[in-house]
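1. Predicted structure and sequence below. I'll ask about it afterward.
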Amino acid sequence: MLVLPAILIVLALAIYPLVYSLWLAFHQWDLQTPGHPFVGLDNFSGALGDDRVWVALKNTGVIVTVGIFFEFIVGLGLALLLVDTVHIRRILLPIVMLPVTMVPIVVGLTWRMMWDNQYGVVNALLRIPFGNDLNIVWLGQTRTAIIAMIVTQVWQWTPFMFLIMLAALSSVNPDLYEASALDGAGWGRQLLDITLPAIRPIIVVAVLFRALDAFKIFDLVYMFTQGGPGTSTETISWYIYQVGFKFFRMGYAAAVSYLVLILLSILATLYVAAFVRGREA
C-alpha cells in the first residue's frame, strides 16, 4: 500500500502512453478516417517504404555520429588537461559546465543568431581572415545547416562527456603510471596502454547514453531550419512530430516511433555485445 501511489504514477505517466501508442500504431488514426479502423501492419510497412523516413534516419545518424565523436575527443582532451590541476579545475569546472545547464531552446535561439549570415558572429569572425565578401548562409543550405547543428550540439554537450571522462580519469590508479614511467613509457604509450583500457567501460556507457539521447534531436532542428531547405535536414524526431502533430496521422507517427525504438534497441544490443566480446577477448 505504501508503494501503490508511486506505482500508479509510473503506470499513468509511462506505461499507459507506451501501450496506447502501440495501439495507435495498428490503427488508422487520422482526421480523415472516422472510427480509427484496425489496419494491422499497414502503418509499419508504409513507414519502411517511406523515403522521408530513411532520409531522416540518415540525417539523424550523421548528426549523432559526427557530433558524439567530437564531443568525446574534446571532452577527453579537456579531462586529460585538467585531471591533475585541482585548483584550476575548481575555477574552470563551473564555467565549462554552463552550456549543458542551459535550456535547449535557449541554446537553439542563441546559436541561430550566431549563425545568421548577415549579423551573426560566426561569419563576422570568418571575415577577418577571408575578407568582407564572405557571406555563408549557414542555415539556408543542407550541408552547412547540418554542420551548424553538429557544432552547436558539440558545444552544448561536450561538458557532459568532459565531466564523465574527468571522473573516470580520476579513478585510475596512479601507481600504474609510476610503474610504466620506470619502464620508460611516455605519455602516449601510457594513454594507449593504461588510461584508455582502464576507463573503457565508462567510455562505452557514456557514448551509449549520449547516443540514445542525441538520437532524439529536435530542438535545434526546430530553431534552425524546421527540416529545410525542403526536407533535407529533417531528423527522425522532427519527421514524427510533423506527421503526428501537423498532419494528425497519429497511427502512422506511432508506427514510425516504434520502428525507431526497435532500431535503437538492436543497435544498442549489438554495441553492448561487441563491448562484452572485446572484454572477454
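-> That came through, no problem.
2. okay, CA-based contacts and neighbour counts for the rest of this
-> Noted.
3. which one in this structure is furthest away from the centre?
-> For the chain, the C-alpha lying farthest from the average C-alpha position belongs to L182; by C-alpha atoms, centre = their mean, that distance is 41.5 Å.
4. so what pLDDT did it get?
-> What the model reports as pLDDT for L182 is 82.
5. From D175, how far out is it?
-> Taking C-alpha to C-alpha, to the nearest Å as the measure, L182 and D175 are separated by 11 Å.
6. ok, for A214, nearest residue in space, not its chain neighbours?
-> If the residues on either side of it in the chain are set aside, A214 comes closest to V64, at 5.9 Å by C-alpha to C-alpha, 6 or more residues apart in numbering.
7. which SSE is the one you found in?
-> helix 51-82 (DSSP states H and E).
8. centroid residue for this protein?
-> In the chain, the centroid-proximal residue (C-alpha atoms, centre = their mean) is A214; its distance is 1.4 Å.
9. Am I right that that one is in contact with T65?
-> No - applying C-alpha atoms under 8 Å, one finds A214 not in contact with T65, separated by 9.2 Å.
10. What count of nearby residues applies to the residue nearest to A214?
-> 22 (other C-alpha atoms under 10 Å).
11. need the contact list for it.
-> When contacts are counted by C-alpha atoms under 8 Å, 6 or more residues apart in numbering, V64 is found next to 150, 211, 214-215.
12. in stretch 143-158, what counts as buried?
-> Counting neighbours by 16 or more other C-alpha atoms under 10 Å, one finds that the buried residues in stretch 143-158 are 145-158.
13. Kindly report the same for stretch 242-252.
-> 242-244, 248-252.
14. Repeat that for stretch 250-262.
-> In stretch 250-262, counting by 16+ other C-alpha under 10 Å, buried: 250-258, 260.
15. Next, check these against the strands and list the overlap.
-> Counting by DSSP state E, those place none of their members in strands.
16. Please flag which of those sit within helices.
-> The subset of those located in helices under the criterion DSSP state H comprises 250-258, 260.
17. With respect to R89, which of those is nearest?
-> V260 (39.7 Å; C-alpha to C-alpha).
18. mind checking how far the helix holding V64 is from the chain centre?
-> In terms of C-alpha atoms, centre = their mean, to the nearest Å, the centre of helix 51-82 is found 7 Å from the chain centre.
19. buried stuff in it?
-> 52-53, 55-64, 67-68, 70-72, 74-76, 78-80, 82.
20. Rebuild the ones in helices among the buried residues of stretch 250-262 as JSON lines, extending it with distance to D30 and pLDDT.
-> JSON lines is the format used below for these (distance: C-alpha to C-alpha, whole Å; pLDDT from 0 to 100):
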{"residue": "M250", "distance to D30": "6", "pLDDT": "92"}
{"residue": "G251", "distance to D30": "7", "pLDDT": "93"}
{"residue": "Y252", "distance to D30": "9", "pLDDT": "94"}
{"residue": "A253", "distance to D30": "10", "pLDDT": "95"}
{"residue": "A254", "distance to D30": "12", "pLDDT": "94"}
{"residue": "A255", "distance to D30": "13", "pLDDT": "95"}
{"residue": "V256", "distance to D30": "15", "pLDDT": "95"}
{"residue": "S257", "distance to D30": "16", "pLDDT": "95"}
{"residue": "Y258", "distance to D30": "18", "pLDDT": "95"}
{"residue": "V260", "distance to D30": "21", "pLDDT": "94"}
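21. wait, which of those is closest to D219?
-> Of all these, D219 sits closest to S257, with 17.4 Å by C-alpha to C-alpha.
22. Sticking with the residue lying closest to the closest one once chain neighbours are set aside, tell me its helix or strand.
-> The shortest distance from S257 to any non-neighbouring residue, by C-alpha to C-alpha, 6+ apart, is to I240 (7.0 Å). When secondary structure is defined using DSSP H and E, the element that contains I240 is helix 236-241.
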